[in-house]
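In: need a 3D model of the following:
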Amino acid sequence: MSRHRRNRISYLALGRRSSDYVMHAWYLRVVTLVIIAGLSIGSRSSVLAIALCLAASLGSFLLWVNERHLRRGTQPRFWLSQAYLRNVIKTDGRHRLSLGSYFEIPEAFVLIAIPSWIATDDPLWARLIMLAAATVFLITTSLLIFNDHTWFNPDETDPPAWHEIFRRLAGPITALPVCLIALPADWGPNGWLAALAISLMPLAVVGSRILDTDLIMKALPDLVQEESHAGRELVLSETHGALSTNLRLIEQRAREIREVAPSLYELAVSANSRLRETLTLGQLGRDSSRNVQKLEAPILTLARAVGAKADIDISVDTLQAGDRDLAHLVLNDLVGNALNAGAGAIRVTVAPDGAQVAISVTDDAPPMVHGVWKTPGTSSARLEARLGGLSGSLTSAQNGATKTVTARWLPESK
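Out: You can find the predicted model right below:
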């Protein structure tokens, strides 16, 4: 039920604000304790009420001590604080109540009971204010449980369904004990409806807070991805603008001497192709230049440079680094030759062929002159020799007005 919500970005975002959120809840609890204790002073049961407020502050005290030591990186000396810290570390990110919750939940019930059953001789307005303060205390406890980063932990891929059901019903679950404790008390003819409204306050506060958090955290991963791609696109654009001209010039110079330095030419082709394919990283959903689909970038670049139409079909899932370099060289040679021969449209397929990988380039250029292709010293001859070393081949077939040149080899992964 909650798998859509379990995202690493959301989990980290809520984890980072967790400490501040806990301290804000602590401040609210201190205020509520002071309000309840202060307003109960005028009651005949003030000693009992104040004593219960002090007892109910134990969980908040442990919470404050724990956050203080976590922020300072120190260890508590008191045994209960030590147990509290160990339990927080053990339950962090997991669907288990921390030790603090076992203190804070009963404490909230005690605070609700003070204006309902103990300080009953206080004025009605004072009792209602105390009831509202005690309800806020319980709400902060509920939100620390149901609005925690735990619910976004991607490591818990299959949590029990009842966890999610309890979270969806967090509002009613929080309001129910308030109603059970407060509403049976004597609030007089003018106070019962006000007590009812205060008791139902968790329905709106807890439920809306959890829903708002879910909506924000659901939109956060897409927002982060869009912003990261925007930054990536800027860096790639600047890098491409700074290097593309020089690399093209290097490739052109290397082409002139490829007869005597074929390896230098291959390195220049590979570097230029890698730079061109990195431009696709700026597209949303393209996460790595190692993706086989990046092979289409240099093809489109070459075709657009001469105004040719390119149709590309890549059905190979993955290629090792050496095979990707060879694929770049094959595509640069075959597509470059087709476009130089005057092709107006090319079709490129990269597909598995048994245990081999096959790259085919079909074009509508005029047929090759007989006896020129693969003659000693040409790029096609060197390419055929390299493919032959990998149990591959380089073949050509004329099909009416089109011809297809196919390069095959046995990839590293086989």
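In: where are the low-confidence patches of the stretch 201-350 of the chain?
Out: Within the stretch 201-350 of the chain, the ranges that satisfy pLDDT under 70 run 270, 273-274, 276-294.
In: again, 90 this time
Out: 213-308, 310, 313-342 (pLDDT under 90).
In: all strands for it, in order.
Out: Assigned by DSSP state E, counting those that start in this stretch, the stretch 201-350 of the chain shows strands spanning 309-314, 345-353.
In: just say which of those strands is most tucked in.
Out: Greatest average neighbour count among these goes to strand 345-353 (a mean of 17), per mean count of other Cβ atoms under 10 Å. C-beta here means a position set from N, CA and C on the backbone, and glycine is covered the same way.
In: next, the angle strand 309-314 makes with it.
Out: 10 degrees (axes from the mean of the first three to the mean of the last three Cα atoms, to 10 degrees).
In: off-centre distance for strand 345-353?
Out: Distance of strand 345-353 from the chain centroid (Cα atoms, centre = their mean, to the nearest Å) equals 35 Å.
In: now do whatever helix or strand comes next after it: which elements does it pack against?
Out: Using DSSP states H and E, the next helix or strand after strand 345-353 towards the C-terminus is strand 356-363. When contacts are defined as 3 or more Cβ pairs under 8 Å, 6 or more residues apart in numbering; DSSP states H and E, strand 356-363 sits against helix 321-340, strand 345-353, strand 402-409.
In: so which elements touch the first one?
Out: Spelled out, it's helix 321-340. Secondary-structure packing of helix 321-340 (3+ Cβ pairs under 8 Å, 6+ apart): helix 262-278, helix 296-306, strand 345-353, strand 356-363, helix 379-388, strand 402-409.
In: quickly run through the sheet partners of the third one, with directions.
Out: Spelled out, that is strand 345-353. In the sheet, strand 345-353 lines up against strand 309-314 (parallel), strand 356-363 (antiparallel) (DSSP bridges).
In: mind putting the ones you listed in JSON lines, distance to Leu169 included?
Out: What follows is those, written out as JSON lines (distance: least, Cβ to Cβ, whole Å):
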{"stretch": "strand 309-314", "distance to Leu169": "49"}
{"stretch": "strand 356-363", "distance to Leu169": "55"}
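In: and the gap between Thr150 and Leu14?
Out: Going from Thr150 to Leu14 by Cβ to Cβ, to the nearest Å gives 9 Å.
In: before we move on, the earlier item: make JSON lines out of the strands of the stretch 201-350 of the chain and add distance to Gln320.
Out: Listed next are those as JSON lines, based on distance: least, Cβ to Cβ, whole Å:
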{"stretch": "strand 309-314", "distance to Gln320": "16"}
{"stretch": "strand 345-353", "distance to Gln320": "14"}
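In: out of those strands, which comes closest to Met368?
Out: strand 345-353 (14.7 Å; Cβ to Cβ).
In: can I get the CA coordinates of stretch 185-195 in CSV?
Out: Taking C-alpha atoms only, stretch 185-195 is exported to CSV below (Å, rounded to 0.1, in the frame of the first residue of the first chain):
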residue,chain,number,x,y,z
ALA,A,185,-16.7,14.1,32.5
ASP,A,186,-19.0,16.9,33.8
TRP,A,187,-18.6,19.9,31.6
GLY,A,188,-21.9,21.5,32.4
PRO,A,189,-24.6,22.5,29.9
ASN,A,190,-22.4,25.1,28.2
GLY,A,191,-19.1,23.2,28.1
TRP,A,192,-19.8,19.8,26.6
LEU,A,193,-19.9,20.9,23.0
ALA,A,194,-16.7,22.9,23.4
ALA,A,195,-15.1,19.8,24.9
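In: contacting residues for Thr135?
Out: Contacts for Thr135 (Cβ atoms under 8 Å, 6 or more residues apart in numbering) come out as Ile112, Val178, Ile198, Ser199, Met201, Pro202.
In: what strand or helix carries it?
Out: Assigned by DSSP H and E, Thr135 falls within helix 124-146.
In: next SSE after that helix?
Out: The first helix or strand that comes after helix 124-146 along the chain, using DSSP H and E, is helix 161-168.
In: and after that next one, which helix or strand comes next?
Out: Assigned by DSSP H and E, the successor of helix 161-168 is helix 170-182.
In: quick check: buried residues in that next one?
Out: Buried residues in helix 170-182, counting neighbours by 16 or more other Cβ atoms under 10 Å, are found at Ala170, Gly171, Ile173, Thr174, Ala175, Pro177, Val178, Cys179, Ile181, Ala182.
In: from those residues, which single one is nearest Ala407?
Out: For the buried residues of helix 170-182, the minimum distance to Ala407 (Cβ to Cβ) is 61.8 Å, reached by Ala170.
In: how far away is the closest residue in space to that closest one that isn't next to it in sequence from Gly207?
Out: In space, and not counting its chain neighbours, Ala170 is closest to Phe146: 4.0 Å by Cβ to Cβ, 6 or more residues apart in numbering. For Phe146, the distance to Gly207 equals 10 Å [Cβ to Cβ].
In: more neighbours: which of the two?
Out: Phe146 (22 against 18; other Cβ atoms under 10 Å).
In: so that one touches Ile210, yeah?
Out: Yes. In this structure, Phe146 is within contact of Ile210 by Cβ atoms under 8 Å, at 5.8 Å.
In: so what's in contact with those two at the same time?
Out: By Cβ under 8 Å, 6+ apart, the residues touching both Phe146 and Ile210 are Arg167, Ala170.
In: Leu200 and Ala175 touch, don't they?
Out: Yes. Between Leu200 and Ala175 there is a contact at 5.5 Å, judged by Cβ under 8 Å.
In: on that earlier part again, kindly reformat the helices and strands packed on strand 356-363 as TSV and extend each row with distance to Arg68.
Out: Output for these, formatted as TSV (distance: least, Cβ to Cβ, whole Å):
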stretch	distance to Arg68
helix 321-340	51
strand 345-353	61
strand 402-409	65
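In: between the ones you listed, which one is nearest to Thr140?
Out: Closest approach to Thr140 among the helices and strands packed on strand 356-363 (Cβ to Cβ): helix 321-340, 54.3 Å.
In: mind listing what's buried along the helix or strand harbouring Arg17?
Out: According to DSSP H and E, Arg17 maps onto helix 8-39. By 16+ other Cβ under 10 Å, the buried positions in helix 8-39 come out as 9-11, 13-15, 18, 21-22, 25-26, 28-29, 32-33, 35-37, 39.
In: check stretch 258-267 too.
Out: Neighbour count says stretch 258-267 has Arg258, Pro262, Tyr265, Glu266, Leu267 buried, by 16+ other Cβ under 10 Å.
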